[in-house]
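J.: sequence and predicted model, in that order:
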Protein chains: 2
Amino acid sequence: MRNYITENRIRGTRLLQKLVQEPSTRGNESGAQAVIVEKCRELGLEMDIWEIGGEGLLAHEAFCSDRKDFRGNPNAVGILRGTGGGKSMILNGHIDVVPAGDNNDWDLDPFSGHIECGKLYGRGSTDMKGGTASLLMAMEAIKNSGIKLKGDVIFQSVIEEESGGAGTLAAVLREYKADGAIIPEPTNMKLFPKQQGSMWFRVSVKGKGAHGGTRYEGVNAIEKAMLVIDRLRKLESDRNARITDPFFKSIPIPIPINIGKIHAGDWPSSVPDLAIIEGRMGVAPNETQENAKLEMLNAINHLCEEDLWLKENSPVLEWFGASWLPGDLDPEHELIEVLSESFINVKNSSPLIEASPWATDGGVLSKVGGVPVVVFGPGVTETAHQANEYIRLEDVFDAAEIIALSLLKWCGVSERK
Amino acid sequence: MRNYITENRIRGTRLLQKLVQEPSTRGNESGAQAVIVEKCRELGLEMDIWEIGGEGLLAHEAFCSDRKDFRGNPNAVGILRGTGGGKSMILNGHIDVVPAGDNNDWDLDPFSGHIECGKLYGRGSTDMKGGTASLLMAMEAIKNSGIKLKGDVIFQSVIEEESGGAGTLAAVLREYKADGAIIPEPTNMKLFPKQQGSMWFRVSVKGKGAHGGTRYEGVNAIEKAMLVIDRLRKLESDRNARITDPFFKSIPIPIPINIGKIHAGDWPSSVPDLAIIEGRMGVAPNETQENAKLEMLNAINHLCEEDLWLKENSPVLEWFGASWLPGDLDPEHELIEVLSESFINVKNSSPLIEASPWATDGGVLSKVGGVPVVVFGPGVTETAHQANEYIRLEDVFDAAEIIALSLLKWCGVSERK
């Protein structure tokens, strides 16, 4: 594997560059999927390309999206069919990327794919087109080395991960199951058997309008929203104090509550009568989403007991948009063992095994699909969703080799050239 | 005067209703101005209708607007020419109204002009078309009672008050001066010889973006903005503790700092890297705008000393959009005396004399035009800029009578029929 991957670095790099140069933000995934499909066809995979949707998906309890129409931006699955008798493996990567944000924060065009000092830059390079490139390079290495596996390898390039996982849910509902799955999200080459779940929330806080010059006649929704934010911080602190799982021990805030947005007011001289807070609540791997929701509702209700205005004008808590189930694989599972061995083979060191600080499609794949999932990938965690996102190409190649070795072991080798 | 006004209540009410039914938000003042002009022509006033603008206005140090083009929505001035030998009076009302806000907060259409239990409802009824109606009724009462005044009465219906006073500034620069001025803003029938000035500010607070799941790798601009808001509250408290003017004694916060807007973030799962706060800072009648600006800058600079992130990423303070000069008339001025006497005549009680909690065009008229100004009007202060804004018609008629009597005394009567 090593030889093939080393000799084909330029080819792998070019693939990743092409993927990054397709700005596959939500609703614009088709260009990047075309690059994926071309590569899969070159590898001779059995292809299944379909536009997700339909009643079965939209009505599923784990479906979570503010879109109902996904036409024009398909999911793509490519199967490297095994000869039989081996364990199967799903290799899952999402093709959607978060928005680039303010262009001025980037040193270069956000979708440049520029390479410098061994790093490839651009939105999606780390999260997670670099991981997807590793998957395709691993499959290519196996195929072009003339190896035939016993078990099936099911490669999935899905949409909608960043907004709730509808793409992977659609693949699960299309009956793509396997004995194990690897999702190469940007873990800094760590293994994550457990993943934090998460959900989006919105809190609408009422105030009472007034002229700013007589602001004491109104109630400023921003000031009341600040009380809510303070209380959510306290809730975050209480929830994290309870986390004792050693896999979280190096993570400062295992299950954060992120305040992502606040919008209030439309006139500087008026007291705003409504503030809207939006954010993301982390869910512990062994916790249900329902429990987390209840804790937030209780926290807000307790706050209302302490503030007369809020008591009579309760903030409204909603759960909207994205939602990801947590993932919780036994760290002793064979899948961790196989990946760890391959890691040691390639890197001459042991992998770090932790719990992920964010949710992935691993939640849906394991909780709905019943597939054991490990999250492991080459991306640089800190640069995900940031300006000047990048990935180290060396890690992309190492991850490709580790995944290829793991496939040989997991699926079993039927024949070599 | 009383008889005329009493007998013509329906006519006065209909005028106010027509004014309210023209939604003269910023940039849409022409319809309401047409109603004004029609009325002025009916009263036989010498008319001057002009579109404000030009270098003299735009380059003036007191000019404050984010618009440069005011075409299509003119100022209107109508002069009731005196016979000579008397003091002149400016009667000034602004025709622009603030936006209606959320229609759902209104029980009726915001521009209904609906009358119920002696109240007339609609955006602008109180602020300040009711006051303008009082002015026109006062002039009509004098004219139709066959009285000729010695001094000129200069009626002004101006645009742009709600966003900085460019309309009144344009009238001042057109050389409309007088020995006194009444501005019937909604004072709840109080006399305001002093008026708070105000200015709009914007504070941009930087954060550092990150994925919400690893929010500890970023710096949340909303949390930093909350520190700024807390500091501005402290500044407000410090500034108001210094106000000893007895005219402010019944006002809870004489010179408020209103936080009118906050906008931060565009994705619930991301740590926001920028928060924008906008608001309005009150300026004391005897204070300069420059001093108030400096105090806010110092407050933010002090905060930066206490927070490492803010020290290295100083919030940016800007002054933008609207700005109103404070007004500061000697409460012993003859204008106050004349209005007080008329008030007592009509109401059989003494007027309350206070400082206004908000800025008016009186700042420009007095500080730039050198005209002694009193603010006195029939509107209901608490309903200005609010949903379900209304005015009590009784107060409109009383104010008309008080203003008419004041004109007789101030300008002097040349002949009666």
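T.: Right, received. Where do you want to start? Numbering: from 1, shown residues only, chains lettered A, B, ... in the order given.

J.: contacts, neighbours, all on C-alpha from now
T.: Will do.

J.: surely A:F343 meets A:P351?
T.: Yes: between A:F343 and A:P351 there is a contact under Cα atoms under 8 Å: 6.5 Å.

J.: more neighbours: these two, which one.
T.: Neighbours were counted for A:F343 and for A:P351 using other Cα atoms under 10 Å in any protein chain shown; A:F343 has more, 24 against 17.

J.: isn't there a strand covering A:I90?
T.: Yes: counting by DSSP: H, G, I helix; E, B strand; the rest coil, A:I90 is found in a strand.

J.: bridging residues for it?
T.: A:I154, A:A181 (DSSP bridges).

J.: report how many residues lie close to it.
T.: 24.

J.: got the confidence number for A:G207?
T.: Looking at A:G207, its pLDDT stands at 97.

J.: how close does A:S314 sit to B:P268?
T.: Distance, A:S314 to B:P268, using Cα to Cα, to the nearest Å: 22 Å.

J.: okay, these two: which has more neighbours?
T.: Taking other Cα under 10 Å, A:S314 and B:P268 do not tie; B:P268 has more neighbours (25 against 19).

J.: and the pLDDT at that one?
T.: pLDDT, read off for B:P268, is 93.

J.: give me the element it is part of.
T.: Counting by DSSP states H and E, no helix or strand carries B:P268.

J.: could you pull up the contacting residues of it?
T.: By Cα atoms under 8 Å, 6 or more residues apart in numbering or on different chains, the residues touching B:P268 are A:W200, A:F201, A:N258, A:I259, A:G260, A:K261, A:E278, A:G279, A:R280, B:G212.

J.: for A:G44, same thing?
T.: Contacts of A:G44 (Cα under 8 Å, 6+ apart): A:L80.

J.: tell me the SS of it?
T.: coil.

J.: so for it, what's the pLDDT?
T.: 97.

J.: same deal with A:R67?
T.: The model's pLDDT for A:R67 equals 83.

J.: now check the lengthiest helix in chain A, is it near chain B?
T.: Using DSSP state H to define each element, chain A has its longest helix at helix A:221-241. Yes: shown here: helix A:221-241 in contact with chain B (Cα under 8 Å from any Cα of the partner chain) through A:I222, A:M226.

J.: which other helices and strands contact the one helix or strand A:R202 maps to?
T.: Assigned by DSSP H and E, A:R202 belongs to strand A:197-206. Contacts defined by 3 or more Cα pairs under 8 Å, 6 or more residues apart in numbering or on different chains; DSSP states H and E place strand A:197-206 against helix A:221-241, strand A:274-283, helix A:289-306, strand A:316-324.

J.: mind doing that once more with 10 Å?
T.: helix A:221-241, strand A:257-264, strand A:274-283, helix A:289-306, helix A:308-312, strand A:316-324, helix A:362-363 (3 or more Cα pairs under 10 Å, 6 or more residues apart in numbering or on different chains; DSSP states H and E).

J.: chain center to it: distance?
T.: 19 Å (Cα atoms, centre = their mean, to the nearest Å).

J.: pairing partners for it, with directions?
T.: strand A:274-283 (antiparallel), strand A:316-324 (antiparallel).

J.: please identify the deepest-packed of these.
T.: strand A:274-283 (a mean of 26; mean count of other Cα atoms under 10 Å in any protein chain shown).

J.: if we can go back for a sec, shared neighbours of A:F343 and A:P351, anything?
T.: Contact with both A:F343 and A:P351 is made by residues A:M189, A:K190, A:L191, according to Cα atoms under 10 Å, 6 or more residues apart in numbering or on different chains.

J.: now render those residues as CSV, adding secondary structure and pLDDT.
T.: Output for those, formatted as CSV (DSSP: H, G, I helix; E, B strand; the rest coil; pLDDT from 0 to 100):
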residue, secondary structure, pLDDT
A:M189, coil, 97
A:K190, coil, 96
A:L191, strand, 96
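
J.: now those as CSV including distance to chain B and neighbour count?
T.: Formatted as CSV, the shared contacts of A:F343 and A:P351 follow (distance: Cα to the nearest Cα, whole Å; neighbours: other Cα atoms under 10 Å in any protein chain shown):
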residue, distance to chain B, neighbour count
A:M189, 16, 23
A:K190, 15, 21
A:L191, 17, 24
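
J.: nearest to A:V396, of these?
T.: Nearest to A:V396 out of the shared contacts of A:F343 and A:P351 is A:M189 (Cα to Cα; 9.5 Å).

J.: quick check: that closest one touching A:T381?
T.: Yes: counting by Cα atoms under 10 Å, A:T381 is a contact partner of A:M189 at 9.4 Å.

J.: pretty sure A:V97 sits against A:P110.
T.: No: using Cα under 10 Å, A:V97 is not in contact with A:P110, being 11.4 Å away.

J.: any chance you could list residues touching both of the two?
T.: Common neighbours of A:V97 and A:P110 (Cα under 10 Å, 6+ apart) are A:V20, A:P23, A:R123, A:G124.

J.: now the buried members of these.
T.: A:V20, A:P23, A:R123, A:G124 (16 or more other Cα atoms under 10 Å in any protein chain shown).

J.: of all the contacts of B:P268, which two lie farthest apart?
T.: A:F201 and B:G212 (12.6 Å).

J.: more crowded one of those two?
T.: The neighbour comparison of A:F201 against B:G212 (other Cα under 10 Å) goes to B:G212, with 30 against 25.

J.: contacts only, for the more buried one.
T.: A:198, A:255-260, A:279-282, A:357-358, A:385, B:218, B:220, B:267-272.

J.: which residues in the stretch 101-250 of chain A form strands?
T.: Secondary structure of the stretch 101-250 of chain A, counting by DSSP state E, counting those that start in this stretch: strands at A:115-116, A:119-121, A:148-149, A:153-158, A:180-183, A:191-195, A:197-206, A:210-211.

J.: tally of neighbours for whatever residue of the stretch 101-250 of chain A ends up closest to chain B?
T.: Residue nearest to chain B within the stretch 101-250 of chain A: A:G213 (4.7 Å; Cα to the nearest Cα). A:G213 is flanked by 26 other residues according to other Cα under 10 Å.

J.: again, but for A:Y121
T.: 27.

J.: close enough to count as contact, A:G101 and A:H385?
T.: Yes: in this structure, A:G101 is within contact of A:H385 by Cα under 10 Å, at 8.7 Å.

J.: neighbour count for the two, which is higher?
T.: Per other Cα under 10 Å, whichever of A:G101 and A:H385 has more neighbours is A:H385, with 24 against 18.

J.: A:L173 reaches A:G56, doesn't it?
T.: Yes: using Cα under 10 Å, A:L173 is in contact with A:G56, at 7.8 Å.

J.: looking at the two, which one has more neighbours?
T.: Each of A:L173 and A:G56 has its neighbours counted (other Cα under 10 Å); A:L173 has more, 15 against 12.

J.: which secondary structure element is home to the nearest residue to the more buried one once chain neighbours are set aside?
T.: Of all residues not flanking A:L173 in the chain, A:L57 sits nearest, at 7.3 Å (Cα to Cα, 6 or more residues apart in numbering or on different chains). Assigned by DSSP H and E, A:L57 falls within helix A:55-58.
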